[in-house]
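*Asks:* pasting the structure only:
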């Protein structure tokens with residue numbers, strides 16, 4: 001076969017792209033495709049087979065080259081336009097971002113005004129109720145449906161804010177009541193109440209009451225012990241000062257012999273004691289003016 005492959009031709013008209021000669025191209029290609037599929041290689045047809053194979057390969061190469069070149073030519077105007085469009089889209093996004101930034105700034109200012117409206121109401125109610133409010137304004141509260149302009153709607157306040165202020169009021173009332181209980185107990189136990197009041201935020205009243213009672217009992221025992229010691233010291237101070245002289249108790253102020261001291265002699269054998277223990281016994285005897293000697 002020696003047919004020459006005729007490639008399609010481009011035809012641009014009225015803004016449309018048409019390809020001419022496509023049928024001739026397909027007829028020639030299909031003819032060689034069918035011929036190649038039916039070709040039988042033998043010793044006699046070997047030389048022709050190689051020629052046919054080369055011819056078909058060249059036809060494929062020519063077709064592929066034309067297709068690639070035509071695609072590049074057709075897409076070149078679009079590629080130029082694509083770059084222009086990408087640059088324009090980027091500028092458009094920047095323009096949108098500028099508007100978005102201003103929208104967010106405006107919305108933030110609007111939200112702040114609505115926030116201030118709620119805060120003003122909370123502050124006003126707190127002053128009337130004489131409480132320190134713990135209400136934290138939730139960002140979800142700041143939607144427009146909860147406001148008339150920048151003033152919170154009564155329905156919103158009654159449903160959302162007032163219950164929280166009521167909780168703060170009850171908490172304060174309970175705290176004040178607990179403080180009074182502590183002060184009354186402190187008066188009864190003769191304790192200073194401030195230390196216990198400062199613990200109210202961390203411990204329940206029942207625990208503080210038990211602590212006050214325990215502290216009172218400990219202080220009472222300590223005072224009783226101190227009083228007993230003082231009485232004993234006073235009693236000892238009231239007794240006549242005496243001194244032992246030559247087996248006699250003598251009044252140090254008058255020199256009068258109060259009592260004859262009877263003294264004894266005893267033999268004591270220590271059968272199991274350390275040197276330190278024996279030394280301690282000796283020191284004790286010396287401190288009481290007890291005469292002793294060691295016996296081997």
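*Replies:* Done, it's in. Computed from a predicted model, the values in this text were never measured in an experiment.
*Asks:* quick one, strands of the stretch 151-296 of the chain?
*Replies:* 151-152, 242-245, 248-251, 257-260 (DSSP state E, counting those that start in this stretch).
*Asks:* pLDDT of the third one, averaged?
*Replies:* Spelled out, that is strand 248-251. What strand 248-251 shows for mean pLDDT is 55.
*Asks:* if we can go back for a sec, lowest average confidence across the strands of the stretch 151-296 of the chain, which one?
*Replies:* strand 242-245 (a mean of 51).
*Asks:* Could you pull out the buried residues of whichever strand or helix holds residue 37?
*Replies:* Counting by DSSP states H and E, the element that carries residue 37 is helix 22-38. Within helix 22-38, the residues that count as buried by 16 or more other C-beta atoms under 10 Å are 25, 28-29, 32. All C-beta spots, glycine's among them, are computed from the backbone N, C-alpha and C.
*Asks:* And for stretch 160-168?
*Replies:* For stretch 160-168, by 16+ other C-beta under 10 Å, it's 160-161, 165, 168.
*Asks:* quick one: stretch 120-127 to chain centroid distance?
*Replies:* Distance, stretch centre to chain centre, for stretch 120-127: 31 Å (C-alpha atoms, centre = their mean, to the nearest Å).
*Asks:* what does stretch 161-179 rub up against?
*Replies:* By C-beta atoms under 8 Å, 6 or more residues apart in numbering, the surrounding residues in contact with stretch 161-179 are 118, 121-122, 125-126, 129-135, 152, 193, 197, 200, 205.
*Asks:* Okay, and which of those map to strands?
*Replies:* Mapping the contacts of stretch 161-179 onto strands (DSSP state E) picks out residue 152.
*Asks:* So which of the contacts of stretch 161-179 are in helices?
*Replies:* 118, 121-122, 125-126, 129, 197, 205 (DSSP state H).
*Asks:* Narrow those residues to just the buried residues.
*Replies:* Buried among the ones in helices among the contacts of stretch 161-179 (16+ other C-beta under 10 Å): 118, 121-122, 125-126, 197, 205.
*Asks:* Make a markdown table from these and add pLDDT and distance to residue 45 to it.
*Replies:* Compiled in a markdown table, these are given as follows (pLDDT from 0 to 100; distance: C-beta to C-beta, whole Å):
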| residue | pLDDT | distance to residue 45 |
| --- | --- | --- |
| 118 | 97 | 97 |
| 121 | 97 | 103 |
| 122 | 97 | 102 |
| 125 | 96 | 107 |
| 126 | 96 | 107 |
| 197 | 92 | 116 |
| 205 | 91 | 114 |
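*Asks:* Which of those residues sits closest to residue 103?
*Replies:* Each of these was scored against residue 103 by C-beta to C-beta, and residue 118 proved nearest at 22.7 Å.
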